[in-house]
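Trainee: Provide a 3D model corresponding to the input given below.
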Amino acid sequence: MADYTNLRKSFLARRFLLAILFLIPLFFGIGLRPAQAQATYPVYIVEYGDTLSWIAQRFDTTLDQLMTLNNIQPDDVLRPGDRLQIPSLEGMQGVLTTEYVTLGASLTSLSRRSQTDTAVLVKANRLTSPSELFIGREIIMTTQENGSYMTTMPAIKPGQSFLEASVLSGKNTWLLAEMNGLASPTMGMPMDTYYMPSTEENGSNLALPGVKSIVLDNLPLYQGDTFLIEVESDQPVTIHADLASIQPTFVDLGGVQMAYGGINALTEPGVYPLTMTVTYPDGSEYRFDQLVMISSGNFSIDEPLQVDPESIGTEEEKAENDKFKSVIAAVTPAQYWDGLWYSPAQDADCIISQFGSRRTYNDNPGLYYHTGLDLGYCKGTDVYAPARGTVVGVFPDQVVRGNSIVIDHGMGVYTTYMHLSEILVEQGDIVESGQLIGIIGTTGRSTGPHLHFEVDIQGTPVNPLTWLRREFP
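Mentor: Numbers count the residues shown, from 1 in each chain. Below you'll find the predicted structure:
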């Protein structure tokens, strides 16, 4: 019979040695612990005019720390396009950028979308309270350069689980849970916003069943400004919104509902609640509130104006104002214009009085504000329609407005042309962008030849320059 005694002793000795080698790291804390993760820092891309001191101040770090991390010497030249790591924002990844807080954004949703710890976002933006994330505030975020983005996951419906939603998205459940800061997929909640990797960027911060996106456009908002709310859905929903007591009317344009609103130029600057309610066909509702910043328009103060006393504070003036208000009150459920609006005057830069300027008349203590844009006749006196629309008002010989035209562009948006010497259209005419409609004059309450060009949204005058400088929607 073969003698296995020595072989068995050798085998037991090897097992004992392996056990000792395994236990050594447990007692002395070495060997089997994973390597410590290397610190990550976001990258700031230098722009023209930047200095190291300004960059250090902007990101709350010191000049020495900035230079040390980036191996910069005192005599090195800073050039546009240079890439600098920011030492004060350890933990963030990607390229630093700025954006405005949008509808539905919170520290949690921003953290999930940027894959950045909330504490780092708080530090980067010097936040002291979640309430400071009001809509329209500029914040520091990061974007990725490898073509990978984070997009909103389909909404988790009541009765549905995070597991089911992730499977329907074609993603790994546990990986998505980790990316969204969930200790377990079972902690995913309906109506909360979660993100997943995508090849397309989507900054939506809301996930509602049947609603693809809700966007508040034209941020940041100022006194006398226009705002637009767009809701895209794949099922019928009723939308209601209230911002600073403004309740814009939504128009369904086929899968997309839009509502234009106008902020009164006399609205006090500050933070106002935006309340939105989404009502489903079965009567169920989803409602949320978020603060919106309305900033000062920094309007100028005009010199006191001397005008005909009969045009100030009379019953005739009141009747004229009521008449024009009734004309621009209706919301036509269609958008007639397309693309950027054009200046109604031959010289778009010939501005003799800005919108919103504060003014008084005949030394009267009553304060007014300029409800439109006064354009001169530097290159000619022709007046053109800035966009397609229907002429809904032709009013000659008005006490205040003189010879005037009102055009309905749809969606509750109207334009008015005052103090004309000639009116070249008739009520009911459909006018095209660039069509001649009148001649500049000085009729009504006017101190000299000019065109008073006014844009009204559901009866509220808004800054016409906004409409001449950007496209809606």
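
Trainee: Look up how far residue 156 lies from residue 173.
Mentor: Residue 173 is 12 Å from residue 156, where distance means CB to CB, to the nearest Å. Heads up, the C-betas are built off the backbone N, CA and C, glycines and all.

Trainee: looking at this, residue 65 is in a helix?
Mentor: Yes: under DSSP: H, G, I helix; E, B strand; the rest coil, residue 65 sits within a helix.

Trainee: The residue nearest to it when sequence neighbours are not counted: neighbouring residues, count only.
Mentor: Distances taken as CB to CB, 6 or more residues apart in numbering put residue 87 closest to residue 65, at 4.5 Å, once the chain neighbours are dropped. Applying other CB atoms under 10 Å, we find 20 residues neighbouring residue 87.

Trainee: Could you check how far residue 87 is from residue 124?
Mentor: 12 Å.

Trainee: cool, and residue 313?
Mentor: Counting by CB to CB - residue 313 and residue 124 are separated by 54 Å.

Trainee: just to revisit the earlier point, who has more neighbours out of residue 173 and residue 156?
Mentor: residue 156 (23 against 19).

Trainee: Secondary structure element holding that one?
Mentor: Using DSSP states H and E, residue 156 is not contained in any helix or strand.

Trainee: Hmm, it is touching residue 193, no?
Mentor: No: counting by CB atoms under 8 Å, residue 193 is not a contact partner of residue 156; they are 9.6 Å apart.

Trainee: intersection of neighbour lists for those two?
Mentor: Here residue 156 and residue 193 have residue 207 as joint contacts, going by CB atoms under 8 Å, 6 or more residues apart in numbering.

Trainee: buried stuff in the one helix or strand residue 322 maps to?
Mentor: Element membership for residue 322 (DSSP H and E) is helix 315-327. For helix 315-327, burial by neighbour count (16 or more other CB atoms under 10 Å) applies to 317, 320, 324, 327.

Trainee: how far away is the last one from residue 463?
Mentor: Summarising the geometry, the distance separating residue 327 from residue 463, computed by CB to CB, is 21 Å.

Trainee: where exactly do the helices run in the protein?
Mentor: 5-28, 52-58, 63-69, 107-114, 118-125, 162-168, 173-179, 315-327, 464-469 (DSSP state H).

Trainee: Out of the ones you listed, which gets nearest to residue 338?
Mentor: Residue 338 lies closest, by CB to CB, to one member of the helices of the chain: helix 464-469, at 13.3 Å.

Trainee: Now residue 447: closest residue in space that isn't a chain neighbour?
Mentor: That would be residue 305: by CB to CB, 6+ apart, it lies 6.2 Å from residue 447.

Trainee: Burial check on the one you found, number of neighbours?
Mentor: Look at residue 305: counted by other CB under 10 Å, it has 16 neighbours.

Trainee: That one and residue 358 touch, don't they?
Mentor: No: with contact defined as CB under 8 Å, residue 305 does not reach residue 358; the gap is 11.4 Å.

Trainee: quick one: the closest residue to residue 158 other than its chain neighbours from residue 208, how far?
Mentor: In space, and not counting its chain neighbours, residue 158 is closest to residue 190: 4.9 Å by CB to CB, 6+ apart. Relative to residue 208, residue 190 is positioned 10 Å away (CB to CB).

Trainee: Show me whatever sits in contact with both of these two.
Mentor: residue 155.

Trainee: Please identify which of those two sits among more neighbours.
Mentor: residue 208 (21 against 15).

Trainee: Now for residue 266: which residues touch it?
Mentor: Contacts of residue 266 by CB under 8 Å, 6+ apart are 223, 369.

Trainee: Over to residue 157?
Mentor: Contacts of residue 157 (CB under 8 Å, 6+ apart): 190, 209.

Trainee: got a list of what the residue nearest to residue 65 touches?
Mentor: By CB under 8 Å, 6+ apart, the residues touching residue 87 are 41, 61, 65, 66, 68, 69.

Trainee: Please tell me how far the closest residue in space to the fourth one that isn't next to it in sequence sits from residue 63.
Mentor: Which is residue 66. Spatial nearest neighbour of residue 66, excluding adjacent residues (CB to CB, 6+ apart): residue 56 at 4.9 Å. Distance from residue 56 to residue 63, counting by CB to CB: 5 Å.

Trainee: more crowded one of these two?
Mentor: Between residue 56 and residue 63, residue 56 has the larger neighbour count (other CB under 10 Å), namely 20 against 15.
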